[in-house]
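Trainee: Following is a predicted model, sequence given first.
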Amino acid sequence: MATKPNTTQKKKEPNQVSSNTRDKAQAAKDYIEKKYSKLKQTEAERKEDWTELNKMMAEMNLSSVEQEQIKQEILHREAEHLRKKRQKITVFDFESIKIIGKGAFGEVRVVRNKHNGEVLAMKKLNKTEMIYKNQVQHVKAEREVLTNTENPWIVELKCSFQDEKCLYLVMEYLGGGDLMTLLIRKNILSEAESRFYIAECVLAVESIHKMNFIHRDLKPDNILIDNNGHIKLSDFGLSKNAEINASSEVLSKLDEDARHKKRIDERNEYRRNRKLAYSTVGTPDYIAPEVFSRTGYSELVDWWSIGVILYEMLVGYPPFYAEKPADICHKILSWQKYFTIPREAKLSPAATDLIRRLICEPNTRLSTSEEIKAHPFFNGVDWERLRFSQAPFVPQLNSEVDTSNFDEFEETEPFYPPQTGRRKQRKDPNFIGYTFKRDVEMQRTGLVTALEELESIRASSSRQSTKYVPSSEDLY
């Protein structure tokens, strides 16, 4: 007797797709929409510019021959612009100078552009590690922030590209190191010095909040110091300590005397091991309790981090320091029990009040940059000209490749990947649209340049007593 086929077996739904596939499809959709939206906007602006150019040349009484010469030169410049845009950037366009940082996903090197000699910082991230540790969206967010063209408080991204194994972010090189390096050298800053750096941090955080981003990982290591002593933010979207389980270990309750003794011991231990604490593992010292509790949070978490950084500047160590990350997380989650400002630090009432209004519950925390800037601690700060003022500490650099403000790291793998012949690189669906060129994005097209030059000539001729009609030679 023949057996009947099993008709009860569950069939796979034909339209069922994995979350990974959906994410890749959404990323491709976002890239295509953004790309063609930009192309459409650029074309509309180009038409307006041509109309303006024709009008301006007619007003200046240029002959038809001169007008044609100008138009041909514009088209030549635009062709050159497109040629440069099509040129592919690879790691072989750069010369390695020195490793200045290592992290969970890669490294940072000082490099030199072989074509123009510019000294830059290159962050190299391992794709496999990024995918395995679910950091793809984070690195995309970082790239999106860094491509902003008009923010002096963010480290400038020159270009980004990828090969089969790695992602590359090529940024301006800031020889002053980071704020942690400064704190290691100075140990404690005065209130005047701290006011300068925290004020600049407030303006920097304000600028990224206006871009609808939350940094989430503000700490001294991610606050870079430029060659003039002013700060810039880096490391956007890469929260290294998000996976720490804060409830895995619980600290025992301490009585008041024991707690005071422990605080002194921790302070001494922190000073001895400060460099070790900020190695590749990172630290959760500056993360707000809302992030750990996973109950939802807003941009207010960045202001908590600013409060912790100010505390460390003035006291000499962060308020929730412990040897183990799990202990730090526990202290932060139970911050009301562990947060104190030691009397021996001798902080002013204004500094004490600002710290307490930043390290507090979200509903009582200073919630906007305007509220923070109005605090008495910042009395006398010229917010409009702060970035142009004299910094408390200006790096003393011997050359454009001076790396004395960074730690030493050994070479563990070759800078250049092995050559694979002429085999075409396969498109990586995880990182669609990752490539970016700052020099191309910032380069003015021939049309815009011609408009500016014509306007300059017209303004110059209007100031002369005799009538002057420019020729095409005046423009190029």
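Mentor: Now that the structure is in, tell me what you want to look at. Numbers count the residues shown, from 1 in each chain.
Trainee: Pull up the distance across stretch 321-338, start to finish.
Mentor: End-to-end distance of stretch 321-338 (C-alpha to C-alpha, to the nearest Å): 10 Å.
Trainee: What residues sit buried inside that stretch?
Mentor: 321-322, 325-335, 338 (16 or more other C-beta atoms under 10 Å). C-beta here means a position set from N, CA and C on the backbone, and glycine is covered the same way.
Trainee: With stretch 158-178 instead?
Mentor: Neighbour-count burial for stretch 158-178 [16+ other C-beta under 10 Å]: 158-162, 166-178.
Trainee: How far off centre is it?
Mentor: 11 Å (C-alpha atoms, centre = their mean, to the nearest Å).
Trainee: got the CA positions of it in CSV?
Mentor: Coordinates of the C-alpha atoms in stretch 158-178 are reproduced here as CSV (Å, rounded to 0.1, in the frame of the first residue of the first chain):
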residue,chain,number,x,y,z
LYS,A,158,38.8,64.2,3.1
CYS,A,159,37.6,61.0,1.6
SER,A,160,36.3,57.5,2.3
PHE,A,161,36.7,54.4,0.3
GLN,A,162,36.8,50.6,0.6
ASP,A,163,38.4,47.5,-0.7
GLU,A,164,37.5,43.9,-0.3
LYS,A,165,38.6,43.6,3.4
CYS,A,166,38.5,47.1,4.9
LEU,A,167,36.8,50.5,5.1
TYR,A,168,38.9,53.6,5.0
LEU,A,169,38.2,57.1,6.4
VAL,A,170,40.9,59.7,5.5
MET,A,171,40.7,62.8,7.7
GLU,A,172,42.6,65.9,8.5
TYR,A,173,45.5,65.2,10.9
LEU,A,174,45.4,67.1,14.2
GLY,A,175,48.8,67.0,15.8
GLY,A,176,47.7,68.1,19.2
GLY,A,177,46.5,64.6,20.2
ASP,A,178,43.4,64.3,22.2
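Trainee: State the mean pLDDT of it.
Mentor: For stretch 158-178, mean pLDDT rounds to 93.
Trainee: same question, stretch 217-232
Mentor: Per-residue pLDDT over stretch 217-232 has a mean of 95.
Trainee: State the helix or strand in which the nearest residue to Arg112 once chain neighbours are set aside lies.
Mentor: Excluding the flanking residues, the one nearest Arg112 by C-beta to C-beta, 6 or more residues apart in numbering is Glu95, at 4.6 Å. According to DSSP states H and E, Glu95 maps onto strand 94-102.
Trainee: ok, residues contacting that strand?
Mentor: Applying C-beta atoms under 8 Å, 6 or more residues apart in numbering, the external contacts of strand 94-102 come out as 107-114, 119-122, 170, 280, 401, 403, 406-407, 409-411, 415.
Trainee: Pull out the buried members of those residues.
Mentor: 107-113, 119-122, 170, 403, 406-407, 415.
Trainee: mind listing what the closest residue to Pro392 other than its chain neighbours touches?
Mentor: Of all residues not flanking Pro392 in the chain, Glu193 sits nearest, at 4.4 Å (C-beta to C-beta, 6+ apart). By C-beta under 8 Å, 6+ apart, Glu193 lies in contact with Lys186, Met313, Pro392, Phe393.
Trainee: Is the third one in contact with Ser194, as I believe?
Mentor: To tie it back to what came earlier, the one meant is Pro392. No. With contact defined as C-beta atoms under 8 Å, Pro392 does not reach Ser194; the gap is 9.2 Å.
Trainee: Compare neighbour counts for the two and give me the winner.
Mentor: Using other C-beta atoms under 10 Å, the more surrounded residue of Pro392 and Ser194 is Ser194, with 21 against 16.
Trainee: Remind me which helix or strand that one belongs to.
Mentor: Assigned by DSSP H and E, Ser194 falls within helix 191-210.
Trainee: can you check Gln336 too?
Mentor: helix 335-338.
Trainee: Ala391 now?
Mentor: Going by DSSP H and E, Ala391 is not part of any helix or strand.
Trainee: Which pLDDT value does the model give it?
Mentor: 97.
Trainee: Filter the contacts of Glu193 down to the buried ones and hand me the ChimeraX line.
Mentor: A single ChimeraX command selects the buried members of those (16+ other C-beta under 10 Å):
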select :313,392
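Trainee: Now flag whichever of the contacts of Glu193 is closest to Val136.
Mentor: Among these, Met313 lies closest to Val136 (C-beta to C-beta), at 34.7 Å.
Trainee: my guess is the closest one contacts Phe196, does it?
Mentor: No. Using C-beta under 8 Å, Met313 is not in contact with Phe196, being 10.2 Å away.
Trainee: about what we covered before: what about the residue nearest to Arg112, how many residues nearby?
Mentor: Neighbours of Glu95 (other C-beta under 10 Å): 14.
Trainee: Next one: it from Gln72, what distance?
Mentor: 38 Å (C-beta to C-beta, to the nearest Å).
Trainee: again, but for Glu371
Mentor: Taking C-beta to C-beta, one finds Glu371 at 57 Å from Gln72.
Trainee: Check Val205 too.
Mentor: 49 Å.
Trainee: These two: which has the busier surroundings?
Mentor: Higher neighbour count among Val205 and Gln72: Val205, with 23 against 12, using other C-beta under 10 Å.
Trainee: quick one: low-confidence ranges for the stretch 1-150 of the chain?
Mentor: By pLDDT under 70, the low-scoring segments of the stretch 1-150 of the chain are 1-39, 84-85, 149.
Trainee: how about a cut-off of 50?
Mentor: 7, 10, 12 (pLDDT under 50).
Trainee: Please enumerate the strands of it.
Mentor: According to DSSP state E, counting those that start in this stretch, the stretch 1-150 of the chain carries its strands in the segments 94-102, 106-113, 119-126.
Trainee: Need the CA coordinates for the second one. PDB is fine.
Mentor: Listed next in PDB are the C-alpha coordinates belonging to strand 106-113 (Å, rounded to 0.1, in the frame of the first residue of the first chain):
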ATOM      1  CA  GLY A 106      41.000  48.600  13.200                       C
ATOM      2  CA  GLU A 107      43.700  51.200  13.500                       C
ATOM      3  CA  VAL A 108      44.500  54.900  12.800                       C
ATOM      4  CA  ARG A 109      47.600  56.000  11.000                       C
ATOM      5  CA  VAL A 110      49.300  59.200  10.000                       C
ATOM      6  CA  VAL A 111      49.700  59.000   6.200                       C
ATOM      7  CA  ARG A 112      50.800  61.200   3.400                       C
ATOM      8  CA  ASN A 113      48.900  61.700   0.100                       C
END
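Trainee: Other residues contacting that strand?
Mentor: So strand 106-113 is contacted by 93-102, 118-126, 129, 166, 170, 173, 401, 403, 409, 415 (C-beta under 8 Å, 6+ apart).
Trainee: helix or strand for Glu370, which one?
Mentor: Glu370 belongs to helix 369-373, assigned by DSSP H and E.
Trainee: what packs against that helix?
Mentor: helix 191-210 (3 or more C-beta pairs under 8 Å, 6 or more residues apart in numbering; DSSP states H and E).
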